[in-house]
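>>> Pasting a predicted model and its sequence here:
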Amino acid sequence: MSLKLSENNNFFKEAQEQKDAIFMLEGYVIPFLNDFEVIDCGACGEELEYVSIRETKENIRKLNEFLCTVNCWAMISPKFLCPAMGEFLTHCHAEGDGTLDLAYLVYNYLNIKTDYLWFGTAERKWIVR
């Protein structure tokens, strides 16, 4: 009997976690990401390869604040970058084309469940799937 209750509790816990993740994606993450002008994107089958936006001071500032907010980190002065943002920029600068890869940022630096997040390459929009 207690095993059955434990299984039910796990089911409800997982369902609530999925609901919370989708709420976070739909309520904050997706609207924020869709505000950027995507200049290029690519996918190979079901594998998203990149979602490029222009590297500007404003985009860097917005993404830095976004990382701090979504990951529940302390906000830092706009003059400074959180460590993850510094790593992200180093990765992007290695490409050397003056762009920022949102796909790399989303799937490597967000401390939220991204299983339901997808980028529609035809629409050039982030969506829940």
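Nice, I can see it. Everything numeric here is computed off the predicted structure, so don't read it as measured data. Numbering: from 1, shown residues only.
>>> neighbours of the nearest residue to Val128 once chain neighbours are set aside, just the number please.
Among residues not flanking Val128 along the chain, Tyr116 sits closest, at 5.0 Å (CB to CB, 6 or more residues apart in numbering). In this view, the C-beta of every residue, glycine as well, is placed from N, C-alpha and C. Applying other CB atoms under 10 Å, we find 14 residues neighbouring Tyr116.
>>> show me what contacts the residue nearest the centre of the chain?
Centroid-nearest residue in the chain: Val106, 2.8 Å away (criterion: CA atoms, centre = their mean). Val106 sits next to Leu33, Thr114, Leu117 when contact means CB atoms under 8 Å, 6 or more residues apart in numbering.
>>> contacting residues for the second one?
In other words, Thr114. By CB under 8 Å, 6+ apart, the residues touching Thr114 are Leu25, Val106, Tyr107.
>>> Include distance to Met75 when you put those residues into JSON lines, please.
Formatted as JSON lines, the contacts of Thr114 follow (distance: CB to CB, whole Å):
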{"residue": "Leu25", "distance to Met75": "22"}
{"residue": "Val106", "distance to Met75": "20"}
{"residue": "Tyr107", "distance to Met75": "23"}
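>>> What confidence value was assigned to Glu49?
pLDDT for Glu49: 93.
>>> Regarding it, what is its secondary structure?
Following DSSP: H, G, I helix; E, B strand; the rest coil, Glu49 is assigned to strand.
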